[in-house]
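[1] after the sequence you'll find the predicted model.
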Amino acid sequence: MRTKTKPTDLTLMLKFATTFVGRACLDVIAGFARKRRIVDHRAASVFWNLVDDGRIICHLNQDGVEVVDKVGD
């Protein structure tokens, strides 16, 4: 389900997520929420919308943690 997000959040999340390649998705979401001073669920919505669009690629590792593989344009 899409929620209303600011267009700037999408571009800022893409730039921010490039530094987290190889790390847990929750680290990206929590870090973005702290940096932008927004609530975690809003940051999560922006992140997972980008994953759904295929602009951020993730995989589930053997420990059951989602990890960022690639961040595209």
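    The structure has been received and is ready for your questions.

[2] how about the backbone phi and psi for the residue of the chain most remote from its centre?
    In the chain, Gln62 marks the outermost C-alpha relative to the chain mean, sitting 20.2 Å out by C-alpha atoms, centre = their mean. Main-chain torsions, Gln62, degrees, to the nearest 10: phi -70, psi -20.

[3] what's the distance between it and Leu10?
    The gap separating Gln62 from Leu10 is 31 Å, by C-beta to C-beta, to the nearest Å. Heads up, the C-betas are built off the backbone N, CA and C, glycines and all.

[4] and the gap between Gly31 and Val68?
    Distance, Gly31 to Val68, using C-beta to C-beta: 12 Å.

[5] between those two, which has more neighbouring residues?
    Neighbours per residue (other C-beta atoms under 10 Å) separate Gly31 from Val68, with Val68 holding more: 22 against 16.

[6] quick check: which ranges of the protein have low pLDDT?
    Residue ranges of the chain with pLDDT under 70: 1-5, 73.

[7] tell me the contacts of the residue nearest to the spatial centre of it?
    In the chain, the residue lying closest to the centroid (C-alpha atoms, centre = their mean) is Phe47, at 3.1 Å. Going by C-beta atoms under 8 Å, 6 or more residues apart in numbering, Phe47 touches 13, 17, 25, 28-29, 32, 56.
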